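Asker: Test case, fold it:
(2 chains)
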Protein chains: 2
Amino acid sequence: MIVDRDRLQQNIAQMQSLADGRGVRLRPHIKTHKCVEIAQLQLAQGALGVTASKVEEALVFIAAGVRSVTVAYPIVDRRKLARLLRGAQAHGTELRVVVDSAAGFEALTRGSQDAGTVVGAFVEVDVGLRRCGLTEHDPQLVPLARAVHENPTTKFMGLLSHAGHAYAASSREEVAAIAAEECQILQRVRQHLEKAGIPVPEVSVGSTPTVLASDSYDGITEIRPGNYVFLDRTPVRLGLATMAQVALSVVSTVVSRNDDFLIIDAGSKVLSSDLGAHGTAGVDGYGLAFTESGEQLQVVRLSEEHGFVARGGADLPIGTRLRIVPNHSCPVVNLADELVVVSDGEVVGRWRVAARGAL
Amino acid sequence: MIVDRDRLQQNIAQMQSLADGRGVRLRPHIKTHKCVEIAQLQLAQGALGVTASKVEEALVFIAAGVRSVTVAYPIVDRRKLARLLRGAQAHGTELRVVVDSAAGFEALTRGSQDAGTVVGAFVEVDVGLRRCGLTEHDPQLVPLARAVHENPTTKFMGLLSHAGHAYAASSREEVAAIAAEECQILQRVRQHLEKAGIPVPEVSVGSTPTVLASDSYDGITEIRPGNYVFLDRTPVRLGLATMAQVALSVVSTVVSRNDDFLIIDAGSKVLSSDLGAHGTAGVDGYGLAFTESGEQLQVVRLSEEHGFVARGGADLPIGTRLRIVPNHSCPVVNLADELVVVSDGEVVGRWRVAARGAL
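Answerer: Residues are numbered from 1 along each chain as shown, chains lettered A, B, ... in the order given. Model prediction:
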């Protein structure tokens, strides 16, 4: 698994300058790379902290010295929360979590009381993915925000959302519309809470597609994109990036062939079976294979250890190397032990996927 | 990730007694579990060695002291082959590989010459998966087998096939027909080679479905099933196993919910995005969720860290534990660092997925 360092650095710099230009803070999601070295590059460019999905994942970055970490996932298990709070306390890390239910709030207040600490908490708003978060009109929303605001061991950080349904869009315009709707929903909720006497310090949105497609971040204070460091076929399909910007690829070898297929040594245990993020299926096949001369072939099927590349007239001998651009970089990196870092075709380093398998 | 030790041991014992009863040798594929402890249980029950997919995977089991290892994957990279041969020599392991091309044979003979060793090699036959292997009528088949037979540094082991297309079948009868066809093809190839003066010591077939569905293994000397240790929704769908035999499951927690879905803390980074093996899509959804009282719910969608369980009228509170039976156990285990072993509801051990990520 190859990371092009130059493209990676350019992607990191561009996102930082986009955030700076629009006056929002950047708190990148590290679930894409799970790699301490890349988080350090993001922080060095101006990111003010990181976002993690899971407790064990967050603990890797806390232990690595990241000063501020959001766990953008409802933690309802008390032992997990206790581990997270202990880790943050031991390293003096600023910690923020999310809640979207009374059960989550109860776990959080007990945990923060037991740990003798105050934990920042966002209330998650569902802006259309139908996953976590309360919808705009949910009668529990104001009481939950008020409870977080008033409880002495929790600090209400504001609103957080993830418009992951944007990955299923078919065009940049459609993504931009989803992003605009997300901003509008969050503005309405913010005003609603402020009218109810609950100040909303932060409004935090995630997702690389919506961030790249938006013209303005009206009322947004923080963005949490993750995928932008590497990109993949999905933002290219959505017209939000070009193949030349994609920083992650899988180098594989043709190990067998028959009349229909070139068989390569990268299967679902390397490329994952994802067609896109969140179960979306906007692209054909499981990756786009490039020959050295730039010819493009489709990975049309995967076994665990084998990829089936449609020959499409190509007569490539066994032993040929193909570079595969994956559909979805995030689960692909999670399958690797390390990333081989290249610059100008030379290997310049190896980075461990430190939080791989961390739940 | 939970392994029921009693079910596992029963599955191992049943497959061994099935092999013994039919007079074939059992050489289980360890890509399913990647776990040294499970290989040891299989060997203790009578397996005569193991099968691995990849070189680095094989090296884990060679280092663990398994005496005989087949790498059922075409190795065309000389450095990989050299690593494998060094590992086998260092541990005195009997090693067998597969070839299906002149390029693979050349790599193999060079490698075995360089290592000063004789390597056993199967010629792989494509029995319908359209992946690796030469078809029955391929004009290269006899010359390749002869070359392996006559070369002083390779030893012709016989024929090997994998009827992975059986996973796409819709019934036990269809699987049995594929298995019968596989036997017939291999018999014809064997006779053809023997007429050409090339003795065929072994005829080795793989795949849990075909092995379970077959009434006879006519002319087969060795079976290489892997999935049978755990099983999953696919053999259950094919009528080849019952849910009560499935030894692997994922315990997850409801972390959020909305009108449509219960959101659980197991997504594609735990359950994989596989609908079945080899890209088959015979089951609905990404896993079957069981409540403690045995109620069944479908995991209908996955994000990376979240599963969407269709509520279907169920009103389960946040914090509820659900046990998920995956569609395809093999990629699921590959996502875990360790397996929690239970017996009668008690945790009795933790086994490391030692060859996880090994390519």
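Asker: what's the span of stretch A:104-123, first residue to last?
Answerer: 10 Å (CA to CA, to the nearest Å).
Asker: Next, see if that stretch gets close to chain B.
Answerer: Yes: with CB under 8 Å from any CB of the partner chain as the criterion, chain B is reached by stretch A:104-123 at A:Gly104. In short, each C-beta sits where N, CA and C put it, glycine included.
Asker: again, but for stretch A:336-355
Answerer: Yes: interface with chain B: stretch A:336-355 contributes A:336-337 (CB under 8 Å from any CB).
Asker: Without its sequence neighbours, what residue ends up closest to A:Cys183?
Answerer: A:Asp218 (5.3 Å; CB to CB, 6 or more residues apart in numbering or on different chains).
Asker: Let me fix that, I meant to ask about A:Val347.
Answerer: A:Val340 (5.9 Å).
Asker: who's the one you found bridged to?
Answerer: A:Ile2, A:Arg350 (DSSP bridges).
Asker: neighbours of it, just the number please.
Answerer: Neighbour count for A:Val340, taken as other CB atoms under 10 Å in any protein chain shown: 14.
Asker: so it makes contact with A:Ile2?
Answerer: Yes: the criterion here is CB atoms under 8 Å, and A:Val340 meets it with A:Ile2 at 5.3 Å.
Asker: So chain A: which segments form each domain?
Answerer: A:2-227, A:243-327 (automatic domain parsing).
Asker: Output those in CSV, with mean pLDDT and mean neighbour count appended to each entry.
Answerer: Output for the domains of chain A, formatted as CSV (pLDDT from 0 to 100; neighbours: other CB atoms under 10 Å in any protein chain shown):
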stretch, mean pLDDT, mean neighbour count
domain A:2-227, 97, 20
domain A:243-327, 94, 21
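Asker: Can I get these in JSON lines including distance to B:Val99?
Answerer: Putting the domains of chain A into JSON lines (distance: least, CB to CB, whole Å) gives the following:
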{"stretch": "domain A:2-227", "distance to B:Val99": "28"}
{"stretch": "domain A:243-327", "distance to B:Val99": "10"}
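Asker: Could you see whether chain B lies near the strand or helix carrying A:Met157?
Answerer: For A:Met157, the host element (DSSP states H and E) is strand A:154-162. No: Strand A:154-162 does not reach chain B (CB under 8 Å from any CB); its nearest approach is 9.1 Å.
Asker: helix, strand or coil for the residue lying farthest from the centre of chain A?
Answerer: Most distant residue from the mean C-alpha position of chain A: A:Asp259, 39.1 Å away (CA atoms, centre = their mean). Look at A:Asp259: counting by DSSP: H, G, I helix; E, B strand; the rest coil, its state is coil.
Asker: A:Val127 too?
Answerer: coil.
Asker: residues from the stretch 251-359 of chain A in reach of chain B?
Answerer: A:253-258, A:260-261, A:263, A:265, A:268-270, A:272-275, A:277-279, A:301-306, A:308, A:317-319, A:330-331, A:334-337, A:356-357, A:359.
Asker: Which of those fall within helices?
Answerer: Secondary structure assignment by DSSP state H places A:268-270, A:330-331 of these in helices.
Asker: circling back: which helix or strand contains the residue nearest to A:Cys183?
Answerer: Using DSSP H and E, A:Asp218 falls outside every helix and strand.
Asker: correct me, but it touches A:Arg190?
Answerer: No: the pair A:Asp218 / A:Arg190 is not scored as a contact, 11.1 Å apart, by CB under 8 Å.
Asker: what's the offset of stretch A:267-279 from the middle of its chain?
Answerer: In terms of CA atoms, centre = their mean, to the nearest Å, the centre of stretch A:267-279 is set 15 Å apart from its chain centre.
Asker: quick one: contacts for the closest residue in space to A:Asn327 that isn't next to it in sequence?
Answerer: Distances taken as CB to CB, 6+ apart place A:Arg233 nearest to A:Asn327, at 4.8 Å, with adjacent residues excluded. The contact partners of A:Arg233, taken as CB atoms under 8 Å, 6 or more residues apart in numbering or on different chains, are A:246, A:276, A:283, A:287-288, A:325-328.
Asker: Show me the two of the residues you listed that sit farthest apart.
Answerer: The distance between the two most remote of the contacts of A:Arg233 (CB to CB) is 14.4 Å, for A:Val246 and A:Gly276.
Asker: Contacts for the helix or strand harbouring A:Gln113 next, please.
Answerer: Here A:Gln113, judged by DSSP H and E, is contained in helix A:102-115. Residues from elsewhere that reach helix A:102-115 (CB under 8 Å, 6+ apart): A:74-78, A:81-82, A:85-86, A:89, A:97-99, A:118-119, A:121, A:140, A:144, A:147-148, A:151, A:153-154, B:255-256, B:317-319.
Asker: Just those residues: which are in helices?
Answerer: A:78, A:81-82, A:85-86, A:89, A:144, A:147-148.
Asker: Among those residues, which one sits closest to chain B?
Answerer: Chain B lies nearest to A:Arg78 out of the ones in helices among the contacts of helix A:102-115, by CB to the nearest CB, at 9.7 Å.
Asker: Got phi/psi on A:Ala64?
Answerer: When read as degrees, to the nearest 10, the backbone of A:Ala64 gives phi -80, psi 0.
Asker: Assess the claim that it and A:Ile38 are in contact.
Answerer: No: applying CB under 8 Å, one finds A:Ala64 not in contact with A:Ile38, separated by 11.2 Å.
Asker: give me every residue that touches A:Phe290.
Answerer: A:249, A:296-297, A:322-325.
Asker: need the contact list for A:Gln245.
Answerer: By CB under 8 Å, 6+ apart, the neighbours of A:Gln245 are A:7, A:10-11, A:231.
Asker: Could you find the closest non-adjacent residue to the residue positioned nearest the centre of chain A?
Answerer: Geometric centre of chain A, nearest residue: A:Gly226, 3.5 Å, by CA atoms, centre = their mean. Leaving aside its chain neighbours, A:Gly226 sits nearest to A:His29 (3.0 Å; criterion: CB to CB, 6+ apart).
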